[in-house]
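Colleague: Output the structure for:
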Amino acid sequence: MTRLTLPRNRRAPLTLLCLGAHSDDIEIGCGGTLLFLKERYPNLYVHWVVFSASAARAEEATRSAGLFTGGCGCDVQVLEFRDGFLPYQGADVKEVFEALKTRIDPHIIFTHWRDDAHQDHRLLSELTWNTFRDHLVLEYEIPKYDGDMGRPNLYVPLDTGTCGRKCDYLMEAFPSQSGKRWFSRDVFLGLLRLRGMEANASSGYAEAFHARKLVLYGDAAEED
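Modeller: Residues are numbered from 1 along each chain as shown. Below you'll find the model as predicted:
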């Protein structure tokens, strides 16, 4: 397995691959962490891929990606797979992953949690691990009616300003979701607060991820 480390030099390039089944998944799942990394790595580059979005939702996804990655390099790919049917279009979705593998070698990949109740989310998680076997993969969480919140094992503490910007950008970028009861500032801040408590974060807020496999290297491994 390759070394799974972030550049020690914060001026060095840091490349992310962010995968979302739907147009607001990336932002909900790891938007605060993206803002956190953007502040610390000025040479951040983000590959942003949304798999299912109608024309109107595609406009929202592109706008939102600009808000969350403003000031750093970013390419946005919004695809038109049918919402809720990704597992039944699996071969075509797999081809997208195969194409990504030939042109992207990211430091971190953000994708869906493998035990998410939504079938589209689960497929993307599975294909992420099938395709990128030697990369640092962090699986984010999406609150929803299904009550499928898990027990994450990696936390990114966030200050209140970052959490506020995350929520502001979500509300600004996705007016089509404003009528949904789960799509609210209170829900997003509540989850950030809960995970911050679990992480014992000094700010009280954090985003959480499932890190299924990590490798800790010591001095001997670094010399190889």
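
Colleague: contacts for stretch 111-125?
Modeller: With Cβ atoms under 8 Å, 6 or more residues apart in numbering as the test, stretch 111-125 has contacts from 19-22, 25, 29, 51-52, 83-87, 90, 93, 126, 128-129, 137-142, 144, 146, 148, 150, 210, 212. In short, each C-beta sits where N, CA and C put it, glycine included.

Colleague: hey, C-alpha coordinates of that stretch in CSV?
Modeller: Extracted C-alpha coordinates of stretch 111-125, given in CSV (Å, rounded to 0.1, in the frame of the first residue of the first chain):
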residue,chain,number,x,y,z
THR,A,111,-17.2,9.7,-0.6
HIS,A,112,-20.4,8.2,0.9
TRP,A,113,-20.5,5.9,3.9
ARG,A,114,-20.8,2.2,2.8
ASP,A,115,-23.8,1.6,5.2
ASP,A,116,-25.8,4.6,4.1
ALA,A,117,-29.5,3.7,3.7
HIS,A,118,-29.7,5.4,0.3
GLN,A,119,-28.9,2.9,-2.5
ASP,A,120,-27.1,5.6,-4.7
HIS,A,121,-24.9,6.5,-1.8
ARG,A,122,-23.9,2.9,-1.1
LEU,A,123,-23.0,2.2,-4.7
LEU,A,124,-20.6,5.1,-4.9
SER,A,125,-18.9,4.1,-1.7
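
Colleague: Off-centre distance for it?
Modeller: 12 Å (Cα atoms, centre = their mean, to the nearest Å).

Colleague: Counting neighbours, show which residues of that stretch come out buried.
Modeller: Neighbour-count burial for stretch 111-125, counted by 16 or more other Cβ atoms under 10 Å, picks out 111-114, 116, 118, 120-125.

Colleague: Strands - which of those residues land there?
Modeller: 111-112 (DSSP state E).

Colleague: got the buried residues of stretch 111-125 as TSV, with distance to residue 195 and pLDDT columns?
Modeller: Shown next, in TSV, are these (distance: Cβ to Cβ, whole Å; pLDDT from 0 to 100):
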residue	distance to residue 195	pLDDT
111	18	98
112	17	98
113	13	98
114	18	97
116	16	97
118	20	97
120	23	98
121	18	98
122	21	98
123	25	98
124	22	98
125	19	98
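
Colleague: For the chain, give me the ranges with low pLDDT.
Modeller: Low-confidence segments of the chain, defined by pLDDT under 70: 1-10, 218-224.
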